[in-house]
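> Would you be able to build a 3D model of this:
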Amino acid sequence: MIGPKTEARPTAQPPVRNAQHGTNALSAELAELLRTGPFEAALRTAIRASRLSLERIQHRLRARGTPVSITALSYWQSGRRRPERPDSLLALQQLEQVLGVPENALSALLGPPRPRGRTRQAPAEAPPLSSLWSENESAAELLTKIDTSHDSKLARLSHHDVVHVDQRGELRKIRTRKLVRAETNGVDRWVIMFDGASSGENPPIIRPIRSCRLGQVLTDHARDLVVAELLFDRALARGETMLLEYEIIDPPTGPNEVEHSFCRLFRLPVRQYVAELQFDPAHPPTRCESYVGDSTTQEVEPPKPLTVDRFGRTHAVALDFGMGVFGVRWQPEEQLGTSSSSRTTTR
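Have a look, this model is predicted:
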């Protein structure tokens, strides 16, 4: 879906850390999670409470002789993977000290090791699509009115977004190509969802291009939400792949305090994700970068600068990514006097 608008929703700003009430609430939340779990939620909250970036945590673990990659740390706190090998468990002990939590507080939440090899069980079912919007009653209500049962039955093999930005720095069109594989018989649709501040009364135009047609489109104008079905030309058999393509024209945009941005929220992992940006070559942005966040949009890695070529193009790539948010943001030319806007995607 679009939480890119396949997943679209505005990137939340980091919480104010120096507010006493917020600090106390965070401490209470962490204490409860360390008691009840799950592991990934407790780790995620402990990292947030420490105020340390993943890059800084990685540096401290390396200094203690237990190196862990930023990718591994991100996977641990997203729940996609967890520390199981002896070296990872040793690193977790050091991580508890780095984060300032009691000894074995995180280790105790791991439970028994997961089966491996040929006897390894299928991974636990992904959280329902509606869980990504649990804090947005309008979005959750829209999702109850559309069939989302096919979503977990499609493996994401590749996903390529081409984001077109005009001379004023405003997002004007997103062209998307997805390669998916059916994990069971009968899968026949993809659901996209947009969540963003809209500057106009009209919803975005969703134009199917390849192997799909538009089904139901549900809109909450008051809260700038759009949920839509893309129906495949035919139902897929298990193991069959489908290359579908569509574009979103004139997606909703609106004021944002900091910058223009576009992001996708991935509920299930994708093997390869490419976010390509096409700017007006005569009006390139003064700054452009990619960023990674967890499912709550809390950023978990330092942003990476992107270089825009003379044709106004740049791109960012994520491999074996999800669950989480992958996004790009840019700062338009100041002399154009643009009002900043935000665009996101959810799925």
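> Which residue ranges of this protein form helices?
20-36, 39-50, 54-63, 70-78, 86-99, 137-143 (DSSP state H).
> Lowest average pLDDT across those helices?
Lowest mean pLDDT within those: helix 137-143, at a mean of 66.
> Now the terminal residues of stretch 270-288, how far apart.
23 Å (CA to CA, to the nearest Å).
> Residue 61 is in contact with residue 67, correct?
Yes: using CB atoms under 8 Å, residue 67 is in contact with residue 61, at 6.1 Å. All C-beta atoms are positioned from the backbone trio N, CA, C, and that covers glycine.
> and for the two, which residues touch both?
residue 91 (CB atoms under 8 Å, 6 or more residues apart in numbering).
> who's more crowded, these two?
When residue 67 and residue 61 are compared for neighbours, residue 61 comes out ahead with 20 against 13, by other CB atoms under 10 Å.
> What sits closest to the more buried one if chain neighbours are left out?
Excluding the flanking residues, the one nearest residue 61 by CB to CB, 6 or more residues apart in numbering is residue 68, at 5.2 Å.
> Which stretches in the stretch 51-200 of the chain count as strands?
154-165, 171-182, 187-195 (DSSP state E, counting those that start in this stretch).
> Using PDB, write down the CA coordinates of the second one.
The one in question is strand 171-182. Extracted in PDB, the C-alpha atoms of strand 171-182 (Å, rounded to 0.1, in the frame of the first residue of the first chain):
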ATOM      1  CA  LEU A 171       5.500  16.700  -5.300                       C
ATOM      2  CA  ARG A 172       3.400  16.400  -8.400                       C
ATOM      3  CA  LYS A 173       3.400  12.700  -9.400                       C
ATOM      4  CA  ILE A 174       4.500   9.300  -8.200                       C
ATOM      5  CA  ARG A 175       5.000   6.500 -10.700                       C
ATOM      6  CA  THR A 176       5.300   3.100  -9.000                       C
ATOM      7  CA  ARG A 177       6.300  -0.300 -10.300                       C
ATOM      8  CA  LYS A 178       6.100  -3.400  -8.100                       C
ATOM      9  CA  LEU A 179       7.100  -7.000  -8.600                       C
ATOM     10  CA  VAL A 180       5.200  -9.300  -6.200                       C
ATOM     11  CA  ARG A 181       4.800 -13.000  -5.900                       C
ATOM     12  CA  ALA A 182       1.700 -14.900  -4.700                       C
END
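> Buried residues of that strand, list them for me.
By neighbour count on 16 or more other CB atoms under 10 Å, the buried set for strand 171-182 is 171, 173, 174, 175, 176, 177, 178, 179, 180, 181, 182.
> Then stretch 278-294?
Of all the residues in stretch 278-294, those buried under the rule 16+ other CB under 10 Å are 278-280, 283-285, 288-294.
> Out of the residues you listed, which is nearest to residue 231?
Nearest to residue 231, judged by CB to CB, of the buried residues of stretch 278-294 is residue 278 at 28.2 Å.
> Report how many residues lie close to the nearest residue to the closest one once chain neighbours are set aside.
Once flanking residues are discounted, residue 278 sits nearest to residue 164: 5.0 Å by CB to CB, 6+ apart. Neighbourhood size, residue 164 [other CB under 10 Å]: 19.
> next one: residue 331
Using other CB under 10 Å as the criterion, residue 331 is surrounded by 16 other residues.
> How about residue 60?
A total of 15 residues lie near residue 60 under the criterion other CB under 10 Å.
> so it touches residue 96, yeah?
No: contact between residue 60 and residue 96 fails when scored by CB under 8 Å: they sit 12.0 Å apart.
> ok, back up a step: could you dump the buried residues of strand 171-182 into a markdown table with distance to residue 151 added?
Shown next, in a markdown table, are those (distance: CB to CB, whole Å):
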| residue | distance to residue 151 |
| --- | --- |
| 171 | 25 |
| 173 | 24 |
| 174 | 19 |
| 175 | 21 |
| 176 | 16 |
| 177 | 18 |
| 178 | 12 |
| 179 | 16 |
| 180 | 10 |
| 181 | 13 |
| 182 | 12 |
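> and these, which two are the farthest apart?
171 and 182 (31.4 Å).
> rewinding a little: distance to residue 243 for the buried residues of stretch 278-294 - can I get that in a markdown table?
Conversion of the buried residues of stretch 278-294 to a markdown table gives the following (distance: CB to CB, whole Å):
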| residue | distance to residue 243 |
| --- | --- |
| 278 | 21 |
| 279 | 27 |
| 280 | 29 |
| 283 | 33 |
| 284 | 31 |
| 285 | 31 |
| 288 | 28 |
| 289 | 30 |
| 290 | 25 |
| 291 | 28 |
| 292 | 26 |
| 293 | 28 |
| 294 | 29 |
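> Show me where the stretch 201-347 of the chain has its strands.
Using DSSP E, counting those that start in this stretch, the strands of the stretch 201-347 of the chain run over residues 205-210, 212-220, 225-236, 241-249, 260-266, 270-278, 287-293, 304-305, 313-321, 324-331.
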